[in-house]
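S.K.: let's see this in three dimensions:
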Amino acid sequence: MGGISFQGDAFSSSGVLHLTKNGKDDNLTYSVGRAIYILPVHIWDGKTGNLTDFTSHFSLSPNSSTGSTENHIVAVEFDSYPNSWDPPYNHIGFSINSIESVAYCTWVGISPTGTVVNAWVSYDSTSRTLSVFVNSEGENLSLSHLVDLREVLPEWATIGISAATGASIELHSILSWEFYSSLEN
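M.R.: Modelled structure (predicted):
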């Protein structure tokens, strides 16, 4: 997994990216990890104002047993734990400079071990639309939200995937991950 920096409890084993602890000898609660691409990605051009189009695809295998505007974060969350700021059900949401979702939909994709979930996150710079499309066991789900990334992110941004557990136990395994951006450097 060249070009990826592992932080916190994240690690790679047999080609699978594990974002949180998963070993039988580990305490699986309160585990935090992230994997980031080591080079910043050009999100928009400061001279021309042009935005990138991007697409990211990843496959994960879910296994279930307040923010600051200074963070400059755009996140797609696959949330299986209802915190006080969340809807009271599993959901997929867009979080912009906050842990609270600006748009979300019900996600029934938490399935027994062995299920593979494929997700595509894309941004269309012409329409300023951030979208996620999810496929799991033949079930499709999509969510879109309008956002001008020039108003939220710096010109160069870090791209990554993160996960955390609290008192509950959940494994966070990324089976594959790709990212493509259209903006020329």
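S.K.: going forward, measure contacts and count neighbours with C-alpha atoms only.
M.R.: Noted.
S.K.: worst-scoring helix or strand of the chain, pLDDT-wise?
M.R.: Least confident helix or strand of the chain, by mean pLDDT, DSSP states H and E, is strand 63-64 with a mean of 48.
S.K.: next structured bit after that one?
M.R.: strand 74-79 (DSSP states H and E).
S.K.: where does the protein have low pLDDT?
M.R.: Scanning the chain for pLDDT under 70 picks out 1, 24-25, 60-71, 109-114, 184-185.
S.K.: which residue of it lies farthest from its centroid?
M.R.: No residue in the chain sits farther from the centre than residue 47, which is 28.7 Å out by CA atoms, centre = their mean.
S.K.: distance of that one from residue 155?
M.R.: 10 Å (CA to CA, to the nearest Å).
S.K.: same question, residue 141
M.R.: Separation of residue 141 from residue 155 (CA to CA) stands at 30 Å.
S.K.: same question, residue 173
M.R.: From residue 173 across to residue 155, the span is 30 Å (CA to CA).
S.K.: and if you look at residue 79?
M.R.: Distance, residue 79 to residue 155, by CA to CA: 28 Å.
S.K.: residues in contact with stretch 117-125?
M.R.: The contact list for stretch 117-125 (CA atoms under 8 Å, 6 or more residues apart in numbering) reads 51-62, 76, 109, 129-137, 148.
S.K.: need phi/psi at residue 150.
M.R.: Dihedral pair for residue 150: phi -70, psi -30, per degrees, to the nearest 10.
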